[in-house]
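Enquirer: Show me the folded form of this:
(chains A and B)
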Amino acid sequence: AQSVTQLDSQVPVFEEAPVELRCNYSSSVSVYLFWYVQYPNQGLQLLLKYLSGSTLVESINGFEAEFNKSQTSFHLRKPSVHISDTAEYFCAVNTGNQFYFGTGTSLTVIP
Amino acid sequence: ETGVTQSPTHLIKTRGQQVTLRCSSQSGHNTVSWYQQALGQGPQFIFQYYREEENGRGNFPPRFSGLQFPNYSSELNVNALELDDSALYLCASSRDSSSGNTIYFGEGSWLTVV
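Expert: Residues are numbered from 1 along each chain as shown, chains lettered A, B, ... in the order given. Purely as a prediction, here's the structure:
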């Protein structure tokens, strides 16, 4: 089975500061990698995904993530966060028909 | 385009009872997966249905069962409820069962077992 580790359970950051949310996975086979965001009392929404090709992927709201095969990592970054980015962020690995999720990182943006 | 919808949004059941949760998949999607998200945890895969057949199952006991209907909507049934079954149950649909497809989540059904 796959496992996904999100090293930071809570990340507080000031508005307009940069942020990195870390994600590592364990896998000996090819995987697809995803980041989902969950706002309070809502379901999960896709933020971005890596399937193949360029190892740097971007979302429409300024987040980016880089696939690093040698380090089995898929860290999420944003150069300047906004209050509206406050949410729970989940890293996920997809192999076969199953998604394996990390335990989540709670990002709190401080005004 | 209609997204994934789930019902009910909240419910309370007593230990030992049975519960049925319902999900309508996004239009054009033929695959539905169910996940359990306990408080403070990430979602955990229960099972997937593809064209009305179970197509993979996570580490959940047989008292968790499901159905998928010809219109690709789905039900999750849980028998003999236990206190630890209290969680958010998420339904997700995808275009098909291939790897790499994005899964789109509903807002979930909050189940409390007392």
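
Enquirer: tell me which element B:Val32 falls in.
Expert: strand B:31-37 (DSSP states H and E).

Enquirer: Restrict the next helix or strand along the chain from that strand to CA atoms and write it as CSV.
Expert: Once the chain leaves strand B:31-37, the next helix or strand it forms, by DSSP H and E, is strand B:44-50. Output of strand B:44-50 as CSV, limited to C-alpha atoms (Å, rounded to 0.1, in the frame of the first residue of the first chain):
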residue,chain,number,x,y,z
GLN,B,44,-9.7,6.9,3.6
PHE,B,45,-10.8,4.8,0.6
ILE,B,46,-13.8,2.6,1.3
PHE,B,47,-14.6,1.3,-2.2
GLN,B,48,-15.2,2.2,-5.8
TYR,B,49,-18.0,1.3,-8.2
TYR,B,50,-17.6,1.3,-11.9
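
Enquirer: Quick one: list the elements packing against whatever helix or strand comes next after strand B:44-50.
Expert: Later in the chain than strand B:44-50, the nearest helix or strand by DSSP H and E is strand B:53-57. Where contact means 3 or more Cβ pairs under 8 Å, 6 or more residues apart in numbering or on different chains; DSSP states H and E, strand B:53-57 is packed against strand B:44-50. In short, each C-beta sits where N, CA and C put it, glycine included.

Enquirer: Next, the angle strand B:53-57 makes with the strand it packs on.
Expert: 150 degrees (axes from the mean of the first three to the mean of the last three Cα atoms, to 10 degrees).

Enquirer: relative orientation of strand B:44-50 and strand B:31-37 in degrees?
Expert: Calculated by the same axes, to 10 degrees, strand B:44-50 forms an angle of 170 degrees with strand B:31-37.

Enquirer: partners of strand B:44-50 in the sheet?
Expert: Strand B:44-50 has the following strand partners under DSSP bridges: strand B:31-37 (antiparallel), strand B:53-57 (antiparallel).

Enquirer: Of those strands, flag the one that's most buried.
Expert: Of all those, strand B:31-37 carries the top mean neighbour count, a mean of 26, counting by mean count of other Cβ atoms under 10 Å in any protein chain shown.

Enquirer: For chain A, what lies in contact range of chain B?
Expert: A:4, A:32, A:34, A:36, A:41-46, A:49, A:51, A:90, A:92, A:94-104 (Cβ under 8 Å from any Cβ of the partner chain).

Enquirer: go with 10 Å
Expert: With Cβ under 10 Å from any Cβ of the partner chain as the criterion, chain A meets chain B at residues A:1, A:4, A:6, A:9, A:30-32, A:34, A:36, A:38, A:41-46, A:49-52, A:88, A:90-92, A:94-104, A:106.

Enquirer: Excluding residues flanking it in the chain, which one is nearest the residue in chain A that chain B sits nearest to?
Expert: Taking Cβ to the nearest Cβ, chain B has its nearest neighbour within chain A at A:Phe101, 3.4 Å off. Residue nearest to A:Phe101 in three dimensions, not counting chain neighbours: B:Gly42, with 3.4 Å by Cβ to Cβ, 6 or more residues apart in numbering or on different chains.

Enquirer: How many residues are close by the residue of chain A closest to chain B?
Expert: 21 (other Cβ atoms under 10 Å in any protein chain shown).

Enquirer: Just the pLDDT for residue 68.
Expert: Just so you know, I chose chain A. pLDDT, A:Asn68: 92.

Enquirer: Hmm, no, I was thinking of chain B.
Expert: For B:Gln68, pLDDT reads 97.

Enquirer: Pretty sure it sits against B:Ser74.
Expert: Yes - counting by Cβ atoms under 10 Å, B:Gln68 touches B:Ser74, with 4.7 Å between them.
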